[in-house]
Every structure is written in C-alpha cells, then in structure tokens.
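Engineer: only geometry, no sequence info:
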C-alpha cells in the first residue's frame, strides 16, 4: 500500500504535486510554472530543438566521469537504429538517421578511449553540434520528473483477497501501426468511435474475461496500469513481468490533482504521509476517485530478459533512459525530439534517500512520456523497486535538456567507415520474435504496444 501511495503522489506527472515532503521540495513547488505553460504544445511538425553556437555549449566534464550503464544504454539505442523501420522517423530535416548513428558510435568510442574530461570537452566543442530543447519559456527551461517500475503482489485468478484487475488490450481497439496513435473502437462499417472511458469500462463490465492479473487493492492495480510496467509476485511465488499494451486514448487526470481540486488535501500540505493518511482514513473513496480518471491503460506479459521496454522497443536503462514527447499524427514521421539520440541533462536529482543535489548527466532519448505532449517536459527512468520509487518520487526540478550530434560529414572515431552497418556489443539483433516482445522492426505487434513511460 505504501509503494502505491508514493507513486500516485509522486509520479503521476501533475505539476505542483510531484515532490516529496521536504522543505526544499516545498520550495520547488512554489517555483513551479503554470501547468498550461509547461504543457504548451508546438505546432504539428515543429522541431523541439534550437542549435547553439560553440560558445554556448554547457560544461560536460563532470558528467563524463560518470559512465555507469551508459555504454549499455548507447548499445540499446544502436539496436533501434539498426532496424530498417527506424529510418522512417528521420525524414529530411536538420538531423539525419546516419548522423544519429555516427554520434552514438563516436560517443561510445570516447567513453572507452578518452581518459581526460578536459579532452572529452574539447572533442565535444570541436566535433559536435549541440542543440537545446526549446522548453516551455524563453529561457529554454524544461521540467524533469521521474518514473520507475514498481514491485507488487498479485494473483492470476480472482479470489476473495485479489479482486482488482488490470486488463489485456481489447480486441476492438484500433491503433495506427506506425505512429502508435489510438484510433478508437473499430466499428462494423470500418469507422472509429471514441473508446469507452474508465468508468464505462469498469461499471459496464466491458472487458470481463480480459483480466490479466488481479491485485488485492485498487491502488496497486492503478499503479501497475498507469506506470506502464510492473513486476508482480504471484501467489505461487512466481514472478510475472507486465507492461504497456495500449490505452483507451482518453485524457489523463492524476489522482493527486483530484484530491487537491476536491480540497481534500491542500497543495501546500500535500506529501506522502498526507496521502497515505487520507486513504487509510477514507478507504471507501479510492475506487470512486480512480474512476474519475477517464484514461485507462491495458497491459500484457513481457519476457523478463527484455523488460521493461521503452517505446523504441529496446530495454530502458536506469538513470540513462529519458522519456520525451514523441507525438506523431501523420507523415512525415518526425517527432519534436529525435529518437535514440544522446542527450545531456542539467537539473536537480534525488538520491535513494530523497536528498536532492545538482545533477548533470548523459541520457538516451529512448521512451515516450505517456502524459508528455510538449517540449518543456521530460521524464527520467529511475529503475525497479522501492529505491527507484523514492528517486522517481522526489524528481521534480527545472533544468535544461541538450542533444548532441556529431557534425555532418565527420566519421566516428574508431570507425573504419561511416557507411558500415551499425554494430553493437552484447545486444541481440533487433526482431524480438524469439522473446515474444515487440520490436522496432514490426511483426505482429505495433510500436504503440510498448512501455510508454511515466504518466
């Protein structure tokens, strides 16, 4: 119950309601921008980046010294880029598919061969183009939040204890196979209608027989569904890994915001302990409040060896995967941020105890923020379990997001030829047929049926 409440308070992506109960975090709340400003969308087809002059490049030397998990994350981006289908997301524009590949290969070479942070910065300054996310204001500010994968308990069958399900994807849910856009409920005449809301689905028992796994309380079911992935310990002791398979396409509303709007918890007093205390005192309100969120996600079983997946069809990496807006409605299939690219983030970051300090680090843009539809928002994946939950819960800070690209025409250091096929280390070839998981190369699954990032 505690993990569920922590997530619902801290990781639902509702501004002003995401931080913990420390004094420092409450100060950050007072500095939070209006939600409408942060979520202001760019025009369809617009690009979310602005090129910097060399004198505007940030200092990345301290981040270079932290290499844990970074090569693994780069290899996962290269795996996506090796799939022929990845090329469709790089139409004619300022950054090409080959440029992203070359950048990843060159950066990987630097991690292995450059010993000096000063030398590394020099190579960035002279060989790379650096872009900054346009953000939500004239200062290019971006608000960063965190997401994670919870560990929960559940049952494959309904019992007196386990009564709250998450559902498999409905058979009549239509999804654009390229963009992942939810088209709605497919009608007999071939047209599409808006898919039913959460309340309509639950109260009308519209998905009876499509239950995937059952939980002992509605909050755990809600966490697994909204977070987009979960490790479920079953009643027989086996572990089940589940993740995103689609959603009903309805507007998302966070539970924390509902409580504030109903004046059940004040914005200033909102904290983990306040939410926990509220639902312990009013357990009868939980189901009713959850039904007010029209959005519902559907889940499926994933192979644990390749789980949890990001929206690129590759495994996400703790503290190295970034989720951004990848909304696409029609060709050309260019989202406002380039998939799989190397990024540099400056923000505030909590440790596993929730203590917050300045942060700068390299992450790969490998996932889609389920509630992110703007250039001023990004989510950092923190990992699996309670410690990751703490970090995700306390991550709420203003910062800057940069993208790094090797200059056009340059050959990656260490590469025989920039035209050679992408090579990765210790990563299986894309395809996913052996694991039964979706992949960027297509197959029986679509790009939409993947872990979508935080809500």
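Structural biologist: Cool, got the structure. Predicted, not measured: the structure shown is a model, and the values here were computed from it.
Engineer: sec struct for residue 292, please.
Structural biologist: Three-state assignment for residue 292 (DSSP: H, G, I helix; E, B strand; the rest coil): coil.
Engineer: Next up, the contacts around it.
Structural biologist: Neighbour list for residue 292: 199, 253, 258 [criterion: C-beta atoms under 8 Å, 6 or more residues apart in numbering]. C-beta coordinates here come from the backbone N, C-alpha and C atoms, glycine included.
Engineer: 6 Å - rerun?
Structural biologist: Applying C-beta atoms under 6 Å, 6 or more residues apart in numbering, we find residue 292 in contact with residue 258.
Engineer: Contacts only, for residue 107.
Structural biologist: With C-beta under 6 Å, 6+ apart, residue 107 has these contacts: residue 342.
Engineer: Ok, residue 317 next?
Structural biologist: 69, 72, 73.
Engineer: of the residues you listed, closest to residue 389?
Structural biologist: Checking those against residue 389 by C-beta to C-beta gives residue 69 as the nearest, at 18.6 Å.
Engineer: In strands, which of the contacts of residue 317 appear?
Structural biologist: Among these, none falls in strands (DSSP state E).
Engineer: For these, could you give me TSV that also reports neighbour count?
Structural biologist: Conversion of those to TSV gives the following (neighbours: other C-beta atoms under 10 Å):
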residue	neighbour count
69	14
72	17
73	26
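Engineer: Give me the longest helix you can find in the protein.
Structural biologist: Looking across the chain with DSSP state H, the single longest helix is helix 97-113.
Engineer: so what's residue 96 closest to, chain neighbours aside?
Structural biologist: Leaving aside its chain neighbours, residue 96 sits nearest to residue 90 (5.8 Å; criterion: C-beta to C-beta, 6 or more residues apart in numbering).
Engineer: following the longest helix of the chain, which helix or strand comes up?
Structural biologist: Using DSSP states H and E, the helix or strand that follows helix 97-113 in sequence is helix 117-127.
Engineer: Can you give me the buried ones in that following helix?
Structural biologist: Residues of helix 117-127 classed as buried by neighbour count (16 or more other C-beta atoms under 10 Å): 120, 121, 123, 124, 127.
Engineer: in the longest helix of the chain, what's buried?
Structural biologist: Neighbour-count burial for helix 97-113 flags 97-108, 110 (criterion: 16+ other C-beta under 10 Å).
Engineer: before we move on, back to that, my understanding was that the residue nearest to residue 96 contacts residue 97; is that so?
Structural biologist: Yes. Counting by C-beta atoms under 6 Å, residue 90 touches residue 97, with 3.9 Å between them.
Engineer: Can you tell me how far the residue located most distally from the centre of the chain is from residue 183?
Structural biologist: Centroid-distance maximum for the chain: residue 189 at 35.4 Å, with C-alpha atoms, centre = their mean. Per C-beta to C-beta, to the nearest Å, residue 189 is found 14 Å from residue 183.
Engineer: Then residue 52?
Structural biologist: Distance from residue 52 to residue 183, counting by C-beta to C-beta: 39 Å.
Engineer: now residue 338
Structural biologist: Using C-beta to C-beta, residue 338 is found at 25 Å from residue 183.
Engineer: Out of the two, name the residue with the larger neighbour count.
Structural biologist: residue 338 (28 against 16; other C-beta atoms under 10 Å).
Engineer: Now do the phi/psi pair for that one.
Structural biologist: phi -80, psi 130 (degrees, to the nearest 10).
Engineer: what's the answer for residue 412, then?
Structural biologist: phi -60, psi 140.
Engineer: list the contacts for it?
Structural biologist: Residue 412 neighbours (C-beta under 6 Å, 6+ apart): 102, 105, 106.
Engineer: Go again with 7 Å.
Structural biologist: 102, 105, 106, 109, 406, 418 (C-beta atoms under 7 Å, 6 or more residues apart in numbering).
Engineer: Now pLDDT and distance to residue 204 too, for those residues, in a markdown table please.
Structural biologist: Shown next, in a markdown table, are those (pLDDT from 0 to 100; distance: C-beta to C-beta, whole Å):
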| residue | pLDDT | distance to residue 204 |
| --- | --- | --- |
| 102 | 96 | 53 |
| 105 | 97 | 52 |
| 106 | 97 | 55 |
| 109 | 97 | 57 |
| 406 | 97 | 54 |
| 418 | 43 | 56 |
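Engineer: Now compare those and name the two farthest from each other.
Structural biologist: Longest span within the contacts of residue 412, C-beta to C-beta: 109 and 418, 12.4 Å.
Engineer: looking at this, residue 349 is in a helix?
Structural biologist: No. Residue 349 sits outside any helix when classified using three-state DSSP, being strand.
Engineer: That one bridge partners, please.
Structural biologist: residue 357 (DSSP bridges).
Engineer: gap between it and residue 326?
Structural biologist: From residue 349 to residue 326 the distance is 23 Å (C-beta to C-beta).
Engineer: higher neighbour count, the two?
Structural biologist: residue 326 (26 against 23).
Engineer: so the more buried one, which of the three states?
Structural biologist: Using three-state DSSP, the structure places residue 326 in coil.
Engineer: shaky segments in the stretch 51-200 of the chain?
Structural biologist: Within the stretch 51-200 of the chain, the segments meeting pLDDT under 70 span 179.
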